[in-house]
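Visitor: Got a predicted structure here, sequence first:
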Amino acid sequence: MPPLTHLAIIMDGNGRWAKARGLSRSDGHKAGTTAARAIVQECRKLGIPYLTLYAFSKENWSRPKQEVGFLFTLLKDFLETELPTLLQQEIRLHVLGDLNGVPLATRTMVQHTMNKTALGTAMTLNLALNYSGRHEIVRACQRLLAQKVAPTDVNEELFAQHLYTAGMPDPDLIIRTSGEQRLSNYLLFQSAYSELYFTDVAWPDFHASELHLALQDFAHRQRRFGATGEESA
Ligand code: IPE
Ligand code: IPE
Ligand code: MG
């Protein structure tokens, strides 16, 4: 199996999962939270050092106000409930995205959780929150320009240091649930050589057994990074 240091997931399909059951989209998101909790635990158990979950994209602001409000309240409650477990399991919370745009109560809880878990060394849990891959790239450019870095000094390594994932490895595997086969503005710079795994299973049904199926699939991938894939002489 190729090394798996960073797993990133696009948790999609809460709404469709709920609709298929005659439930509200909120019920779908609630069920999605339960799935997220279990997957965090499983990744921790498996010893995966970095797990990134797509919780809310910058584009998700175009959803009805009530749904957006519900999602942020749900996230706040999730962190309140999970904090003791994160501490006990030495999981560090980190955010990818613009926290300033996040409603105050949720932002406060996110910051509190990040502060409390800052010394966690067993796993980093990245929450992509109010996140846009294109914006992340533009922001990196703005930061480099603001520092008046000489154009000839800009290279891929320096650029990566100005992304939200500074200092972290690129995702080895990106999983998307619920049938769509697109990145939806997720980790655009970092996904250059990520393996992609798509499943029709909706996020609330993505149990540990589904994660293991994805990992089994990944185990058979041959990562080439542009080389021939043959043993070098
Ligand atoms: C994923 O489920 C959760 C978020 C994007 C916040 P969706 O809400 O996108 O569910 P579908 O895609 O409408 O089924
Ligand atoms: C991507 O899902 C964002 C998250 C999972 C948070 P979307 O449901 O927003 O993506 P699109 O709109 O189907 O591309
Ligand atoms: Mg969706």
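Guide: The structure has been received and is ready for your questions. Ligands and ions are numbered 1, 2, ... in the order given.

Visitor: count of residues packed around the residue of the chain found nearest ligand 1?
Guide: Using CB to the nearest ligand atom, the single residue of the chain nearest to ligand 1 is residue 15, 2.8 Å away. Where C-beta positions appear, they are placed from N, C-alpha and C, glycine not excepted. Number of residues near residue 15 (other CB atoms under 10 Å) recorded here: 21.

Visitor: Pretty sure it sits in a helix.
Guide: Yes: the assignment for residue 15, made by DSSP: H, G, I helix; E, B strand; the rest coil, places it in a helix.

Visitor: which parts of this protein sit against ligand 2?
Guide: 10, 11, 12, 54, 55, 56, 57, 60, 180, 182, 184 (CB under 6 Å from any ligand atom).

Visitor: I figured the third one hits residue 176, correct?
Guide: Yes: distance between residue 12 and residue 176: 6.0 Å, which falls inside the contact criterion (CB atoms under 8 Å).

Visitor: contacting residues around the residue of the chain closest to ligand 1?
Guide: Applying CB atoms under 8 Å, 6 or more residues apart in numbering, one finds that residue 15 lies in contact with 25, 28.

Visitor: Give me the pLDDT value at whatever residue of the chain ends up closest to ligand 2.
Guide: When scored by CB to the nearest ligand atom, the chain has residue 184 as its residue closest to ligand 2, at 3.7 Å. For residue 184, the pLDDT comes out at 98.

Visitor: shaky segments in this protein?
Guide: Scanning the chain for pLDDT under 70 picks out 231-233.

Visitor: residues from it in reach of ligand 1?
Guide: Going by CB under 6 Å from any ligand atom, the residues of the chain near ligand 1 are 11, 12, 13, 14, 15, 16, 56, 60, 71, 178, 203.

Visitor: So residue 52 belongs to a strand, correct?
Guide: Yes: Residue 52 forms part of a strand when assessed by three-state DSSP.

Visitor: Spell out, range by range, the helices that occur in the chain.
Guide: 14-20, 25-46, 65-88, 104-117, 133-146, 156-160, 208-219 (DSSP state H).

Visitor: closest to residue 167 out of these?
Guide: Taking CB to CB, helix 156-160 is the member of the helices of the chain nearest to residue 167, at 8.7 Å.

Visitor: Only the buried residues of that closest one, if you could.
Guide: For helix 156-160, the buried set under the neighbour-count rule, 16 or more other CB atoms under 10 Å, comprises 159, 160.

Visitor: I'd like to know which elements that helix is packed against.
Guide: helix 133-146 (3 or more CB pairs under 8 Å, 6 or more residues apart in numbering; DSSP states H and E).

Visitor: Now for residue 111: which residues touch it?
Guide: By CB under 8 Å, 6+ apart, the contact set of residue 111 is residue 99.

Visitor: Let the chain start at 203 from now.
Guide: All set: I'll call the first residue 203, so the last point we hit is now residue 313.

Visitor: quick one: it from residue 373, how far?
Guide: 25 Å (CB to CB, to the nearest Å).

Visitor: for residue 368, phi and psi?
Guide: phi -50, psi 130 (degrees, to the nearest 10).

Visitor: That one and residue 361 touch, don't they?
Guide: No: between residue 368 and residue 361 there is no contact under CB under 8 Å: 10.0 Å.
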